[in-house]
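> my questions concern the predicted model and sequence given below.
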Amino acid sequence: MRTCLVVDDSAVIRKVARRILEGLAFRVVEAEDGTDAVALCRAAMPDAILLDWRMPQMDGYEFLRELRRLPEGDKPKVVFCTTENDVASIARALHAGADEYIMKPFDKDIMTAKLQEVGLA
Amino acid sequence: MTDADFEYLRGYLKQKSGLALTAEKRYLIESRLLPVCRRFGIATLSDLVGALRLARAGGLDKAVIEAMTTNETFFFRDRAPFDLFRDVLLPQALAARAGVRRLRIWCAAASTGQEPYSLAMLLNEAAPQLAGWRIELIATDLSTEVLEKAKLGLYNQFEVQRGLPVQLMLKYFEQVGEQWRLRPALCQMVDYRPLNLLDRFDHLGTFDIVYCRNVLIYFDAPTKADVLARIAAQLAPDGAVLLGAAETVIGITDALSPDPKHRGLYRHGQARAVAPAPAPALAPAPSLPRFAMR
């Protein structure tokens, strides 16, 4: 079973994402912050990462740069999932190594489509 | 709504748009036509039926038909028909039409434009190979309301994220407040025209590729057979038809046959020898706008 790490400081978003991802047959792991997410990735690299941008200690952009430096850190498909919905932010995320981008609010169809886009649904 | 009202509406919709409603879909009439009643100041569905019978409320017939039309669509829907276009149909056309450098594509149920614009993006991605070609991308739909939206090329955040890879979104759309507008050059590649598939469409001319997806499922078998036979009559001898994932020609018509190599792709079938040829005076249609790939 594929694993998706959901990194978001909102418990509500994590819960919604978990419900959708479990429906798509993912095992879901959660982190509230980029720092926690790095530790989880060091322990076991997930197949996909659903990543918020604004988080208290390490934000999504920093996390992504950190992730891509880790051994096997180029493997997970990273889908940003954020309210940073402007062209500049999207371009910055892609430049940093994101594979796809979800603008919040999102629904099941969008998440499914984006995971299909990166070959995981 | 009485049983007689339901039967009238069922017959009316079948005659006007081909929509075949079963008794289980009665709820659909109520949920979609009550807002039409409110818009036209009509108290009940029975009164609406009465107005339709008398044909006295201007625009009511159109509003009823459009309200019952399903316009569900999204960019690159089902993916495979677009991969087929990029990987199979376009390379085949590039080889087969190299002499005439002309390609005619028809999206027969274009809805709010995501399907023809998906094709426009793929054509644009292949622009270097299509330099000097004359491409016609014609998109039709029964509903003028959805065609107006399609022409604008303006989509909300949900629409633009359904099926559209983020790289293509950045490349072909510009952000306008909370909406995303397709770049004018792409919008201009598509020629939108209102068309009821129950009506004649031989005036559109002959096509190399026809996308007729997720509309035949709403028709009964004889209507499907009729529409498919008329599409086949407008199809170039080596042309291709793409139907929706839940649609087929098997058991309906032999005017088209499945391409054994590619699911959802159909070619001329056994009936081609007896299919009526398009009227020479009507095809092709020289008045249609075209765009040239530079």
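Great, that's in hand. Owing to the predicted nature of the structure, the values given are computational and were not obtained by experimental measurement.

> how many other residues sit next to residue A:76?
23 (other C-beta atoms under 10 Å in any protein chain shown). Just so you know, the C-beta spots here come from the backbone N, C-alpha and C atoms, and that holds for glycine as well.

> now do it against chain B, distance only.
The gap separating residue A:76 from chain B is 17 Å, by C-beta to the nearest C-beta, to the nearest Å.

> right, and that residue touches residue A:44 too?
No: contact criterion C-beta atoms under 8 Å: residue A:76 and residue A:44 do not qualify, at 10.7 Å.

> residues of stretch B:18-29 that come out buried?
For stretch B:18-29, the neighbour count (16 or more other C-beta atoms under 10 Å in any protein chain shown) marks B:18, B:19, B:20, B:21, B:29 as buried.

> max pairwise distance over these: which two?
Greatest spacing in these, by C-beta to C-beta: B:18 and B:29 (15.8 Å).

> circling back to that earlier point, of the buried residues of stretch B:18-29, which is the nearest to chain A?
Minimum distance to chain A across those is 24.5 Å, recorded for residue B:19 (C-beta to the nearest C-beta).

> which residues sit in contact with residue B:184?
residue B:153 (C-beta atoms under 8 Å, 6 or more residues apart in numbering or on different chains).

> oh sorry, the question was meant for residue B:110
By C-beta under 8 Å, 6+ apart, residue B:110 lies in contact with B:116, B:139, B:140, B:141, B:146, B:147, B:150, B:190, B:192.

> which of the residues you listed fall in strands?
The strands, defined by DSSP state E, take in B:139, B:140, B:141, B:190, B:192 from those.

> quick check, residue B:266 in a strand?
Yes: using DSSP: H, G, I helix; E, B strand; the rest coil, the assignment for residue B:266 is a strand.

> how about the helices in the stretch 1-150 of chain B?
Taking DSSP state H, counting those that start in this stretch, the helices of the stretch 1-150 of chain B run over residues B:3-17, B:26-39, B:45-54, B:60-67, B:80-84, B:90-96, B:114-125, B:144-152.

> on that earlier part again, in ChimeraX, how would I select the buried members of the ones in strands among the contacts of residue B:110?
The following ChimeraX line selects those of the ones in strands among the contacts of residue B:110 that are buried, judged by 16+ other C-beta under 10 Å:
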select /B:139,140,141,190,192
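
> adding distance to chain A and pLDDT, write the ones in strands among the contacts of residue B:110 out as TSV.
Formatted as TSV, the ones in strands among the contacts of residue B:110 follow (distance: C-beta to the nearest C-beta, whole Å; pLDDT from 0 to 100):
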residue	distance to chain A	pLDDT
B:139	22	98
B:140	26	98
B:141	22	96
B:190	22	98
B:192	25	98
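
> residues of the stretch 101-250 of chain B that sit close to chain A?
Listed as neighbours of chain A in the stretch 101-250 of chain B under the rule C-beta under 8 Å from any C-beta of the partner chain: B:157-158, B:161-163, B:165-167, B:169-170, B:174-175, B:178.

> now do 7 Å
Proximity of the stretch 101-250 of chain B to chain A (C-beta under 7 Å from any C-beta of the partner chain) is limited to residues B:157, B:158, B:161, B:162, B:163, B:165, B:166, B:170, B:175.

> excluding chain neighbours, give the residue nearest to whatever residue of the stretch 1-150 of chain B ends up closest to chain A in space.
Of all residues in the stretch 1-150 of chain B, residue B:79 sits closest to chain A, at 7.2 Å by C-beta to the nearest C-beta. Distances taken as C-beta to C-beta, 6 or more residues apart in numbering or on different chains place residue A:116 nearest to residue B:79, at 7.2 Å, with adjacent residues excluded.

> and the one you found, what element?
Using DSSP states H and E, residue A:116 maps to helix A:108-117.

> tell me how far that helix lies from the chain's centre.
Counting by C-alpha atoms, centre = their mean, to the nearest Å, helix A:108-117 is centred 13 Å from the centre of its parent chain.

> lovely, talk soon.
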